[in-house]
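>>> Have a look at this prediction, sequence included:
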Amino acid sequence: MSVVPDSSTKTVMSNTVYVHLLGEGVQVYRPVPAFQVAPTVYVLGGAEFYDPEDEEWEFLPGARVVVEERIMEEGDTVLIAIASD
């Protein structure tokens, strides 16, 4: 599992949620700024760097998503978007 770095420097959201990238051939996640609206529900930001010509996100900027904590290969615990809310 790999993570695509976030090139945005203007993050004003409070958390980072990782969104699965589709069609990559391997499991890859994009870190996306988000804000919490319920215990396990976040609204995704990232519209300023989302490029549908470059990446296909499982959940688009502005989507309300349910998240779960997962431990990545590096041992870091992150929030992964798993479903639409």
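On my side now, so go ahead.
>>> which residue ranges form the strands in the chain?
2-3, 15-22, 28-38, 41-44, 56-57, 64-71, 77-84 (DSSP state E).
>>> closest one to Tyr50 among those?
strand 56-57 (6.8 Å; Cβ to Cβ). For the C-beta atoms, the positions are set from N, CA and C on the backbone; glycine is no exception.
>>> State the mean pLDDT of that closest one.
Strand 56-57 comes out with an average pLDDT of 98.
>>> if we can go back for a sec, mean pLDDT lowest for which of the strands of the chain?
Among these, strand 2-3 scores lowest, at a mean of 52.
>>> quick revisit: can you lay out the strands of the chain as CSV showing mean neighbour count and distance to Tyr50?
Rendered in CSV, the data for these read as follows (neighbours: other Cβ atoms under 10 Å; distance: least, Cβ to Cβ, whole Å):
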stretch, mean neighbour count, distance to Tyr50
strand 2-3, 14, 16
strand 15-22, 19, 10
strand 28-38, 19, 8
strand 41-44, 20, 9
strand 56-57, 16, 7
strand 64-71, 15, 14
strand 77-84, 16, 14
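>>> what's the span of stretch 24-31 from first residue to last?
Distance between the two ends of stretch 24-31: 15 Å, counting by Cα to Cα, to the nearest Å.
>>> my bad, stretch 18-32
Per Cα to Cα, stretch 18-32 runs 6 Å from first to last residue.
>>> quick one: that stretch to chain centroid distance?
8 Å (Cα atoms, centre = their mean, to the nearest Å).
>>> any idea how far the residue lying closest to Leu22 once chain neighbours are set aside is from Gly75?
Spatial nearest neighbour of Leu22, excluding adjacent residues (Cβ to Cβ, 6 or more residues apart in numbering): Glu56 at 4.3 Å. As judged by Cβ to Cβ, to the nearest Å, Glu56 and Gly75 stand 28 Å apart.
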